[in-house]
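S.K.: Here is my input, please return the structure:
(one chain, ligands or ions: 1)
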Amino acid sequence: MSSEHPAPTQHAHGHNNRPDPELYRTEPVSFVRRGERLNPRRQKTWDRSHGKYIVDVPRDRATTSVAEGTDIDWGQVFGRTAPLVVDIGSGLGESTAQGAIDHPEWDFISVEVYTPGLAALLVRVEDKGLENVRGVQANAPEVLDRLLSAGGVQEIWVFFPDPWHKTRHHKRRLVSPAFADRVARALAPGGVLRLATDWSSYAVHMRSAMEAHPQLANAHPGRAAGEDSPLTRVRLEGRELEVGAQPIAPRTGSARAGVSEASSGAGLEDPVDHEGGWAPRFEGRPLTSFENKALRAGRLVFDLTYVRL
Ligand SMILES: C[S@@+](CC[C@H](N)C(=O)[O-])C[C@H]1O[C@@H](n2cnc3c(N)ncnc32)[C@H](O)[C@@H]1O
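M.R.: Reported below is the predicted structural model:
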(Lines give C-alpha, C1' and ligand atoms only; values in the text may rest on other atoms or scores of the structure.)
Protein backbone atom coordinates (compact mmCIF):
# COMPACT_ATOMS: atom_id res chain seq x y z
CA MET A 1 0.00 0.00 0.00
CA SER A 2 1.61 3.24 -1.00
CA SER A 3 -1.34 5.55 -1.44
CA GLU A 4 -2.17 8.07 1.26
CA HIS A 5 -5.37 6.31 2.09
CA PRO A 6 -5.48 2.96 3.79
CA ALA A 7 -6.77 0.14 1.61
CA PRO A 8 -10.27 -1.09 2.36
CA THR A 9 -10.32 -3.58 5.18
CA GLN A 10 -9.58 -7.08 4.10
CA HIS A 11 -8.15 -9.93 6.06
CA ALA A 12 -6.42 -12.78 4.34
CA HIS A 13 -8.04 -15.99 5.47
CA GLY A 14 -6.45 -19.28 6.33
CA HIS A 15 -7.68 -22.70 5.22
CA ASN A 16 -10.38 -22.77 7.90
CA ASN A 17 -11.68 -19.38 6.68
CA ARG A 18 -10.73 -17.65 9.93
CA PRO A 19 -8.78 -14.36 9.63
CA ASP A 20 -5.04 -14.97 9.78
CA PRO A 21 -3.68 -13.49 13.06
CA GLU A 22 -0.28 -13.01 11.39
CA LEU A 23 -1.71 -10.56 8.85
CA TYR A 24 -3.11 -7.06 9.17
CA ARG A 25 -5.05 -6.45 5.98
CA THR A 26 -2.55 -8.05 3.59
CA GLU A 27 0.58 -7.16 5.57
CA PRO A 28 2.48 -9.73 7.62
CA VAL A 29 3.11 -8.52 11.18
CA SER A 30 6.66 -7.44 12.04
CA PHE A 31 6.99 -9.51 15.21
CA VAL A 32 7.06 -13.07 16.40
CA ARG A 33 5.55 -13.64 19.82
CA ARG A 34 8.26 -14.39 22.36
CA GLY A 35 8.23 -15.73 25.90
CA GLU A 36 5.61 -13.96 27.94
CA ARG A 37 6.80 -15.02 31.41
CA LEU A 38 7.40 -12.21 33.84
CA ASN A 39 10.02 -12.24 36.59
CA PRO A 40 8.58 -11.77 40.11
CA ARG A 41 9.21 -8.00 40.23
CA ARG A 42 7.65 -7.38 36.83
CA GLN A 43 4.74 -9.68 37.65
CA LYS A 44 3.98 -7.82 40.88
CA THR A 45 4.20 -4.47 39.15
CA TRP A 46 2.06 -5.70 36.26
CA ASP A 47 -0.62 -7.04 38.59
CA ARG A 48 -0.65 -3.83 40.59
CA SER A 49 -0.65 -1.26 37.82
CA HIS A 50 -1.44 -2.56 34.35
CA GLY A 51 -5.07 -1.53 34.86
CA LYS A 52 -3.97 2.06 35.32
CA TYR A 53 -1.22 2.36 32.70
CA ILE A 54 -2.00 -0.18 29.95
CA VAL A 55 -4.86 1.02 27.79
CA ASP A 56 -7.46 -1.67 27.06
CA VAL A 57 -8.04 -2.13 23.35
CA PRO A 58 -10.91 -3.96 21.63
CA ARG A 59 -9.50 -6.73 19.39
CA ASP A 60 -10.65 -8.46 16.25
CA ARG A 61 -8.64 -11.25 14.64
CA ALA A 62 -5.68 -11.48 17.07
CA THR A 63 -4.75 -10.71 20.68
CA THR A 64 -2.47 -7.93 19.42
CA SER A 65 -4.95 -6.49 16.90
CA VAL A 66 -7.07 -3.35 17.21
CA ALA A 67 -10.72 -3.64 16.20
CA GLU A 68 -11.83 -1.36 13.41
CA GLY A 69 -13.89 1.60 14.60
CA THR A 70 -12.09 1.89 17.94
CA ASP A 71 -11.95 5.44 19.21
CA ILE A 72 -9.78 6.50 22.13
CA ASP A 73 -9.91 9.97 23.60
CA TRP A 74 -6.29 10.45 24.68
CA GLY A 75 -7.14 13.70 26.46
CA GLN A 76 -9.45 11.69 28.68
CA VAL A 77 -6.90 8.90 29.18
CA PHE A 78 -4.20 11.34 30.34
CA GLY A 79 -6.60 13.75 32.03
CA ARG A 80 -5.24 16.69 30.07
CA THR A 81 -4.48 17.87 26.53
CA ALA A 82 -0.74 17.77 25.84
CA PRO A 83 1.52 17.01 22.85
CA LEU A 84 1.61 13.24 22.23
CA VAL A 85 4.75 11.20 21.59
CA VAL A 86 4.34 7.62 20.36
CA ASP A 87 7.28 5.24 20.94
CA ILE A 88 6.79 2.27 18.62
CA GLY A 89 8.30 -1.10 19.48
CA SER A 90 9.37 0.40 22.79
CA GLY A 91 11.12 -2.77 24.03
CA LEU A 92 11.88 -2.43 27.73
CA GLY A 93 10.59 1.15 27.74
CA GLU A 94 13.88 2.97 28.35
CA SER A 95 13.28 5.66 25.71
CA THR A 96 9.65 6.22 26.65
CA ALA A 97 10.49 6.58 30.33
CA GLN A 98 13.43 8.89 29.66
CA GLY A 99 11.28 11.03 27.36
CA ALA A 100 8.56 11.23 30.01
CA ILE A 101 11.11 12.32 32.63
CA ASP A 102 12.70 14.90 30.32
CA HIS A 103 9.34 16.27 29.12
CA PRO A 104 6.72 16.24 31.86
CA GLU A 105 4.70 18.61 29.66
CA TRP A 106 4.24 15.90 27.00
CA ASP A 107 2.29 12.63 27.09
CA PHE A 108 3.88 9.36 25.94
CA ILE A 109 2.33 6.24 24.43
CA SER A 110 4.50 3.11 24.36
CA VAL A 111 3.41 0.63 21.68
CA GLU A 112 4.76 -2.87 22.25
CA VAL A 113 3.46 -6.40 21.76
CA TYR A 114 5.86 -8.04 24.24
CA THR A 115 4.38 -8.28 27.76
CA PRO A 116 7.74 -8.40 29.63
CA GLY A 117 8.72 -5.20 27.79
CA LEU A 118 5.57 -3.38 28.90
CA ALA A 119 6.00 -4.75 32.43
CA ALA A 120 9.58 -3.39 32.48
CA LEU A 121 8.16 -0.03 31.39
CA LEU A 122 5.70 -0.14 34.30
CA VAL A 123 8.55 -0.77 36.74
CA ARG A 124 10.22 2.43 35.47
CA VAL A 125 6.94 4.34 35.53
CA GLU A 126 6.30 3.39 39.15
CA ASP A 127 9.93 3.98 40.21
CA LYS A 128 9.94 7.47 38.77
CA GLY A 129 6.31 8.27 39.59
CA LEU A 130 5.52 9.09 35.95
CA GLU A 131 1.95 10.12 35.23
CA ASN A 132 2.47 11.01 31.56
CA VAL A 133 2.98 7.45 30.20
CA ARG A 134 0.56 4.82 28.93
CA GLY A 135 1.23 1.52 27.17
CA VAL A 136 -0.70 -0.12 24.37
CA GLN A 137 -0.17 -3.82 23.71
CA ALA A 138 -0.92 -4.01 20.01
CA ASN A 139 0.45 -4.24 16.49
CA ALA A 140 1.86 -0.78 15.70
CA PRO A 141 0.36 -0.30 12.19
CA GLU A 142 -3.10 -0.88 13.67
CA VAL A 143 -2.40 1.55 16.48
CA LEU A 144 -1.37 4.19 13.95
CA ASP A 145 -4.44 3.59 11.77
CA ARG A 146 -7.07 3.04 14.41
CA LEU A 147 -6.09 4.55 17.77
CA LEU A 148 -4.66 7.88 16.71
CA SER A 149 -6.55 10.69 15.04
CA ALA A 150 -5.21 12.32 11.88
CA GLY A 151 -2.72 15.02 12.84
CA GLY A 152 -3.04 14.13 16.54
CA VAL A 153 0.60 13.22 17.27
CA GLN A 154 3.63 15.46 17.81
CA GLU A 155 6.42 12.87 17.58
CA ILE A 156 6.75 9.24 16.54
CA TRP A 157 9.84 7.28 17.56
CA VAL A 158 10.96 3.96 16.08
CA PHE A 159 14.27 2.87 17.57
CA PHE A 160 15.98 -0.34 16.51
CA PRO A 161 13.02 -2.11 14.91
CA ASP A 162 13.57 -5.81 14.21
CA PRO A 163 15.77 -5.91 11.08
CA TRP A 164 14.37 -8.97 9.27
CA HIS A 165 17.63 -9.59 7.43
CA LYS A 166 16.67 -12.12 4.81
CA THR A 167 15.44 -10.71 1.52
CA ARG A 168 12.36 -12.91 1.63
CA HIS A 169 11.54 -11.43 5.06
CA HIS A 170 11.86 -7.77 4.07
CA LYS A 171 8.09 -7.60 3.70
CA ARG A 172 7.89 -8.06 7.48
CA ARG A 173 9.85 -4.89 8.17
CA LEU A 174 7.82 -2.41 10.17
CA VAL A 175 9.20 0.64 8.38
CA SER A 176 7.99 0.64 4.78
CA PRO A 177 6.17 2.91 2.29
CA ALA A 178 2.84 1.91 3.92
CA PHE A 179 4.31 2.88 7.30
CA ALA A 180 5.30 6.28 5.88
CA ASP A 181 1.65 6.83 4.89
CA ARG A 182 0.51 5.94 8.39
CA VAL A 183 3.03 8.21 10.06
CA ALA A 184 2.17 11.10 7.73
CA ARG A 185 -1.51 10.71 8.61
CA ALA A 186 -0.96 10.60 12.37
CA LEU A 187 1.61 13.40 12.69
CA ALA A 188 0.55 17.01 13.08
CA PRO A 189 2.05 19.48 10.58
CA GLY A 190 5.53 20.23 11.95
CA GLY A 191 5.46 16.89 13.84
CA VAL A 192 8.61 14.77 13.87
CA LEU A 193 9.44 11.15 13.04
CA ARG A 194 12.66 9.78 14.57
CA LEU A 195 14.13 6.52 13.33
CA ALA A 196 17.26 4.61 14.32
CA THR A 197 18.74 1.31 13.22
CA ASP A 198 22.11 -0.40 13.42
CA TRP A 199 21.73 -2.29 10.13
CA SER A 200 22.74 -0.51 6.93
CA SER A 201 20.34 -2.43 4.72
CA TYR A 202 17.38 -1.39 6.88
CA ALA A 203 18.74 2.17 7.11
CA VAL A 204 18.72 2.45 3.31
CA HIS A 205 15.26 0.88 3.16
CA MET A 206 13.96 3.39 5.75
CA ARG A 207 15.56 6.34 4.00
CA SER A 208 14.07 5.47 0.60
CA ALA A 209 10.58 4.87 2.05
CA MET A 210 10.58 8.23 3.83
CA GLU A 211 12.26 10.29 1.10
CA ALA A 212 9.61 9.09 -1.36
CA HIS A 213 6.76 10.42 0.79
CA PRO A 214 5.53 13.84 -0.37
CA GLN A 215 4.50 14.95 3.13
CA LEU A 216 7.69 14.01 4.97
CA ALA A 217 10.85 16.11 4.70
CA ASN A 218 14.30 15.08 5.86
CA ALA A 219 15.35 17.38 8.72
CA HIS A 220 19.02 16.99 7.70
CA PRO A 221 19.07 16.72 3.93
CA GLY A 222 22.48 15.77 2.55
CA ARG A 223 24.08 15.61 6.01
CA ALA A 224 26.86 13.04 6.52
CA ALA A 225 27.19 12.14 2.84
CA GLY A 226 30.20 10.75 0.96
CA GLU A 227 33.13 9.79 3.16
CA ASP A 228 31.32 11.10 6.25
CA SER A 229 28.42 8.75 5.74
CA PRO A 230 28.09 5.84 8.16
CA LEU A 231 26.82 3.90 5.16
CA THR A 232 30.01 4.46 3.22
CA ARG A 233 32.01 3.35 6.27
CA VAL A 234 29.98 0.20 6.73
CA ARG A 235 30.35 -0.68 3.07
CA LEU A 236 34.07 -0.04 2.95
CA GLU A 237 35.00 -1.33 6.37
CA GLY A 238 32.85 -4.48 6.38
CA ARG A 239 31.25 -3.90 9.76
CA GLU A 240 28.26 -6.20 9.45
CA LEU A 241 29.94 -9.56 9.34
CA GLU A 242 27.56 -11.45 11.54
CA VAL A 243 23.93 -11.56 12.57
CA GLY A 244 23.70 -12.63 16.20
CA ALA A 245 26.45 -15.20 16.52
CA GLN A 246 26.00 -16.33 12.92
CA PRO A 247 28.73 -15.22 10.51
CA ILE A 248 27.39 -13.95 7.21
CA ALA A 249 29.21 -15.35 4.22
CA PRO A 250 30.10 -12.65 1.71
CA ARG A 251 28.21 -13.19 -1.53
CA THR A 252 30.04 -15.18 -4.13
CA GLY A 253 31.95 -12.92 -6.45
CA SER A 254 32.03 -10.00 -4.05
CA ALA A 255 35.54 -8.73 -3.41
CA ARG A 256 34.64 -6.68 -0.34
CA ALA A 257 34.30 -8.14 3.11
CA GLY A 258 31.01 -7.46 4.85
CA VAL A 259 28.96 -7.28 1.69
CA SER A 260 26.17 -9.67 2.40
CA GLU A 261 22.46 -10.12 2.51
CA ALA A 262 22.32 -8.17 5.78
CA SER A 263 24.46 -5.38 4.45
CA SER A 264 23.41 -2.81 1.89
CA GLY A 265 26.33 -2.75 -0.50
CA ALA A 266 26.05 -6.12 -2.20
CA GLY A 267 26.90 -5.83 -5.85
CA LEU A 268 27.34 -2.05 -5.83
CA GLU A 269 29.86 -0.56 -8.23
CA ASP A 270 30.19 2.58 -6.09
CA PRO A 271 30.13 1.97 -2.34
CA VAL A 272 30.06 5.68 -1.53
CA ASP A 273 26.78 7.03 -0.16
CA HIS A 274 26.43 10.31 -2.04
CA GLU A 275 22.95 10.98 -0.67
CA GLY A 276 23.52 11.19 3.11
CA GLY A 277 20.67 12.74 5.06
CA TRP A 278 21.59 10.97 8.32
CA ALA A 279 20.61 12.82 11.49
CA PRO A 280 22.87 13.35 14.50
CA ARG A 281 22.24 10.84 17.27
CA PHE A 282 18.98 11.78 19.01
CA GLU A 283 20.03 13.13 22.40
CA GLY A 284 16.77 12.07 24.02
CA ARG A 285 17.48 8.38 23.38
CA PRO A 286 19.13 6.53 26.26
CA LEU A 287 21.64 3.84 25.33
CA THR A 288 19.47 0.73 25.35
CA SER A 289 20.70 -2.85 25.43
CA PHE A 290 19.96 -3.13 21.68
CA GLU A 291 22.06 -0.11 20.76
CA ASN A 292 24.81 -1.10 23.16
CA LYS A 293 25.00 -4.60 21.70
CA ALA A 294 25.29 -3.14 18.20
CA LEU A 295 28.10 -0.81 19.20
CA ARG A 296 29.97 -3.58 20.98
CA ALA A 297 29.74 -5.68 17.83
CA GLY A 298 31.34 -2.79 15.90
CA ARG A 299 28.22 -1.79 14.01
CA LEU A 300 27.30 1.84 13.35
CA VAL A 301 24.01 3.48 14.19
CA PHE A 302 21.95 5.31 11.57
CA ASP A 303 19.60 8.03 12.77
CA LEU A 304 16.99 9.61 10.49
CA THR A 305 14.63 12.48 11.31
CA TYR A 306 11.68 13.60 9.18
CA VAL A 307 9.31 16.52 9.61
CA ARG A 308 5.66 16.36 8.58
CA LEU A 309 5.00 19.14 6.08
C1 LIG B 1 14.79 -4.67 18.72
S2 LIG B 1 13.54 -4.17 19.80
C3 LIG B 1 13.93 -2.44 20.11
C4 LIG B 1 13.38 -1.93 21.40
C5 LIG B 1 13.60 -0.46 21.72
N6 LIG B 1 12.96 0.43 20.77
C7 LIG B 1 15.05 -0.13 21.87
O8 LIG B 1 15.55 0.73 21.13
O9 LIG B 1 15.71 -0.70 22.74
C10 LIG B 1 12.10 -4.06 18.75
C11 LIG B 1 10.81 -4.16 19.53
O12 LIG B 1 9.72 -3.91 18.66
C13 LIG B 1 8.63 -4.74 19.03
N14 LIG B 1 7.76 -4.85 17.85
C15 LIG B 1 8.08 -5.39 16.67
N16 LIG B 1 7.07 -5.27 15.80
C17 LIG B 1 6.07 -4.63 16.46
C18 LIG B 1 4.75 -4.23 16.09
N19 LIG B 1 4.29 -4.46 14.86
N20 LIG B 1 4.00 -3.61 16.99
C21 LIG B 1 4.47 -3.37 18.25
N22 LIG B 1 5.71 -3.73 18.66
C23 LIG B 1 6.49 -4.35 17.77
C24 LIG B 1 9.30 -6.03 19.45
O25 LIG B 1 8.46 -6.79 20.32
C26 LIG B 1 10.56 -5.53 20.14
O27 LIG B 1 10.37 -5.39 21.52
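S.K.: What residue in the stretch 201-309 of the chain comes nearest to the ligand?
M.R.: The shortest separation between the stretch 201-309 of the chain and the ligand is 3.3 Å, found at residue 288 (distances taken as CB to the nearest ligand atom). Using the backbone N, CA and C atoms, a C-beta is placed for each residue, glycine as well.
S.K.: Now the helix or strand where residue 47 lies: average pLDDT?
M.R.: Taking DSSP states H and E as the definition, residue 47 sits inside helix 40-53. For helix 40-53, the mean pLDDT works out to 98.
S.K.: what helices or strands is that helix leaning on?
M.R.: The helices and strands touching helix 40-53, judged by 3 or more CB pairs under 8 Å, 6 or more residues apart in numbering; DSSP states H and E, are helix 115-128, strand 133-136.
S.K.: Distance from the chain centre to it, please.
M.R.: On the basis of CA atoms, centre = their mean, to the nearest Å, the separation between the geometric centre of helix 40-53 and that of its chain is 24 Å.
S.K.: For the residue of the stretch 201-309 of the chain closest to the ligand, which non-adjacent residue is spatially closest?
M.R.: Spatial nearest neighbour of residue 288, excluding adjacent residues (CB to CB, 6 or more residues apart in numbering): residue 94 at 4.8 Å.
S.K.: that older thread, can you tell me what sits against the helix holding residue 47?
M.R.: Defining contact as CB atoms under 8 Å, 6 or more residues apart in numbering, one finds that helix 40-53 is touched by 38, 115-116, 118-123, 125-126, 133-135.
S.K.: again, but for stretch 200-218
M.R.: When contacts are taken as CB under 8 Å, 6+ apart, the neighbours of stretch 200-218 outside the stretch itself are 4, 161, 163-165, 170, 173, 175-177, 179-181, 183-184, 193, 195, 197, 230-231, 234-235, 240, 261-265, 275, 277-278, 300, 302, 304-309.
S.K.: Apply 6 Å and report the result again.
M.R.: Counting by CB atoms under 6 Å, 6 or more residues apart in numbering, stretch 200-218 makes contact with 163, 175-177, 180, 184, 195, 197, 231, 234, 262-264, 277, 302, 304, 306-307, 309, all of which sit outside it.
S.K.: So which residues of this structure form helices?
M.R.: 40-53, 74-78, 94-102, 115-128, 140-146, 177-186, 200-211, 230-237, 289-296 (DSSP state H).
S.K.: Pick the most buried one from these.
M.R.: Greatest average neighbour count among the helices of the chain goes to helix 140-146 (a mean of 24), per mean count of other CB atoms under 10 Å.
S.K.: What's the mean pLDDT across that one?
M.R.: 98.
S.K.: mind checking pLDDT for the closest residue to residue 220 other than its chain neighbours?
M.R.: With CB to CB, 6+ apart as the measure, residue 279 is the residue that lies nearest to residue 220, at 4.9 Å, once sequence neighbours are left out. The score at residue 279 is 98. That number is its pLDDT.
S.K.: Residue 279 pairs with what?
M.R.: For residue 279, the residues forming beta bridges with it (DSSP bridges) are residue 303.
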